[in-house]
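Trainee: Can you look at this prediction? I've put the sequence above it.
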Amino acid sequence: MKNLIIIATIVFVIPTSIFGQDILFSQPNEAPLILNPANAGAQYNLRATANYRLQWRSVTDPFRTIAAGVDGRIFSKGKTGSSIGVGLSLFNDIAGAGQLNTNQVVAAVAGKVTLAKNQTLSAGISGGIIQRKIGVSNLTWGNQYNGLVYDANLPSNETFSGERFLNGDFSTGIQWSYGKGQRTLSSNDMFGAQAGISVFHVNSPRSGFYQVVDKRALRYMFHFTGSYGFKNTNMQISPLVIYEMQGPARMIYFGSFLKYKLQESSKYTDYVLSRTVSIGGFFRGQDAVVIAAQCELGQIAFGLSYDINISSLAKVSSGRGGFEISLKYLPIKTGTSSRLL
């Protein structure tokens, strides 16, 4: 079992590098329910997102993460009033040669109230089910080396109490938002900001495969996102800062998108859709430099990013971390929403 403990440690540590057992995305705003449960229905009447991440192909069997989510309002007193939102997110993560497989389904509910002009406060909770399993037959052991080569026919002499388990997971969060739209269609003088705190694994769910309970540490996340339009230009800047704590580990992620508006949406018809392109650069602790690009065409946004590994693992990975794609769909009438964030 000592070998299994070592392998499990590698599986958990490598994909996140510095902050523990949870998955992460290099486009965190494109997975809003994973960022903070308070995002459920807080911004749009309806929103759908999808993310795909592939990393560490240059080091080991690639790690794959797929996530999808949908959220929206089910009750609202009007454009500036209080509202209640719900959301559903799913993800699947497959890691390493042992094919450590994590599946999770999470439902979220959030309430939003107006604090003052252009300011709102939302709070949310989420809960769901996590299933984890590992392909023990895919692992190799020291006992299977005959002194010269690896022999799969040799017994591993390892025993396992279970190769899969299922348990619950609960999280909560709060978020403040400010948004001031542009005065005219072409002035581009909008300003928006969001700041939030979220806490994940508040019930400290089990995370290991052993009879001894191995509880997952609480993860605290502090996040800030802004959006500022340079007056009377087609340019907009969108900074992002995230700080996370999980057990003894810490992670900071920061950077910004620079957005260029190719075409304004029509105020009176849906036949002319807004078009924008964005490029960005981000830094994650001492783990990676991220380059990213995004294209928005009316109700659809598509993003692409790549992690350049700068950690000590770069000696083996040659700097190749992984790529990620995101897709967002907002089935709302173009021109009725000032997309500040």
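Mentor: On my side now, so go ahead.
Trainee: Show me where the stretch 1-150 of the chain dips below the pLDDT cut-off.
Mentor: Applying pLDDT under 70 to the stretch 1-150 of the chain flags residues 1-21, 78-80, 97, 136-138.
Trainee: so who does the closest residue to residue 129 other than its chain neighbours touch?
Mentor: Nearest non-adjacent residue to residue 129, counting by CB to CB, 6 or more residues apart in numbering: residue 105, 5.6 Å away. Backbone N, C-alpha and C define where each C-beta goes, glycine included. Residue 105 makes contact with 88-90, 128-129 under the criterion CB atoms under 8 Å, 6 or more residues apart in numbering.
Trainee: repeat that with 10 Å
Mentor: Residue 105 makes contact with 88-91, 127-131, 169, according to CB atoms under 10 Å, 6 or more residues apart in numbering.
Trainee: Tell me the strands beside the helix or strand it falls within, with direction?
Mentor: Element membership of residue 105 [criterion: DSSP states H and E] is strand 100-116. Here strand 100-116 is paired, per DSSP bridges, with strand 83-95 (antiparallel), strand 119-133 (antiparallel).
Trainee: In a markdown table, list those along with distance to residue 142 and mean neighbour count.
Mentor: Converted to a markdown table, those look like this (distance: least, CB to CB, whole Å; neighbours: other CB atoms under 10 Å):
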| stretch | distance to residue 142 | mean neighbour count |
| --- | --- | --- |
| strand 83-95 | 21 | 20 |
| strand 119-133 | 23 | 19 |
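Trainee: Would you mind telling me which of the ones you listed is nearest residue 193?
Mentor: Residue 193 lies closest to strand 119-133 among those, at 9.6 Å (CB to CB).
Trainee: How far off centre is the closest one?
Mentor: 13 Å (CA atoms, centre = their mean, to the nearest Å).
Trainee: So what sits opposite the residue nearest to residue 129 in the bridge?
Mentor: Going by DSSP bridges, residue 105 forms beta bridges with residue 90, residue 129.
Trainee: Name the spans of the stretch 201-341 of the chain whose pLDDT lies under the cut-off.
Mentor: Using pLDDT under 70, the stretch 201-341 of the chain drops low at 208-213, 265-273, 332-341.
Trainee: thinking again about what came up before, possible to save the strands paired with strand 100-116 as TSV with distance to residue 287?
Mentor: Formatted as TSV, those follow (distance: least, CB to CB, whole Å):
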stretch	distance to residue 287
strand 83-95	16
strand 119-133	24
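Trainee: Quick check: which of the ones you listed is nearest to residue 190?
Mentor: Using CB to CB, the strands paired with strand 100-116 put strand 119-133 closest to residue 190, at 14.9 Å.
Trainee: The helix or strand just after the closest one to strand 119-133, inter-axis angle?
Mentor: Next helix or strand after strand 119-133 toward the C-terminus (DSSP H and E): strand 164-180. With axes from the mean of the first three to the mean of the last three CA atoms, to 10 degrees defining the directions, strand 164-180 sits at 160 degrees from strand 119-133.
Trainee: partner strands of strand 164-180, parallel or antiparallel?
Mentor: strand 119-133 (antiparallel), strand 191-200 (antiparallel).
Trainee: before we move on, back to that, and the strand holding residue 105, C-alpha only, in PDB?
Mentor: The C-alpha trace of strand 100-116 is given here as PDB (Å, rounded to 0.1, in the frame of the first residue of the first chain):
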ATOM      1  CA  LEU A 100      -7.900   8.400 -11.400                       C
ATOM      2  CA  ASN A 101     -11.500   9.300 -12.400                       C
ATOM      3  CA  THR A 102     -13.500  12.000 -10.600                       C
ATOM      4  CA  ASN A 103     -17.100  12.700 -11.500                       C
ATOM      5  CA  GLN A 104     -19.100  15.400  -9.800                       C
ATOM      6  CA  VAL A 105     -22.700  16.800 -10.200                       C
ATOM      7  CA  VAL A 106     -23.500  19.900  -8.200                       C
ATOM      8  CA  ALA A 107     -26.600  22.000  -7.900                       C
ATOM      9  CA  ALA A 108     -26.500  25.600  -6.700                       C
ATOM     10  CA  VAL A 109     -29.000  28.200  -5.600                       C
ATOM     11  CA  ALA A 110     -28.300  31.900  -5.000                       C
ATOM     12  CA  GLY A 111     -30.100  35.000  -3.900                       C
ATOM     13  CA  LYS A 112     -29.300  38.600  -5.100                       C
ATOM     14  CA  VAL A 113     -30.300  41.900  -3.500                       C
ATOM     15  CA  THR A 114     -29.700  45.500  -4.500                       C
ATOM     16  CA  LEU A 115     -27.500  47.400  -2.100                       C
ATOM     17  CA  ALA A 116     -27.400  50.800  -3.900                       C
END
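Trainee: Over to residue 30: give its phi and psi.
Mentor: The phi and psi values for residue 30, taken as degrees, to the nearest 10, are phi -90, psi 0.
Trainee: in the strand holding residue 105, what's buried?
Mentor: Neighbour-count burial for strand 100-116 flags 100-102, 104, 106-112 (criterion: 16 or more other CB atoms under 10 Å).
Trainee: got TSV for those, with distance to residue 200 too?
Mentor: Output for those, formatted as TSV (distance: CB to CB, whole Å):
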residue	distance to residue 200
100	19
101	20
102	14
104	11
106	10
107	15
108	12
109	16
110	15
111	19
112	21
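Trainee: Tell me the one of these nearest residue 284?
Mentor: So of the buried residues of strand 100-116, ranked by how close each gets to residue 284 (CB to CB), first place is residue 102, at 20.8 Å.
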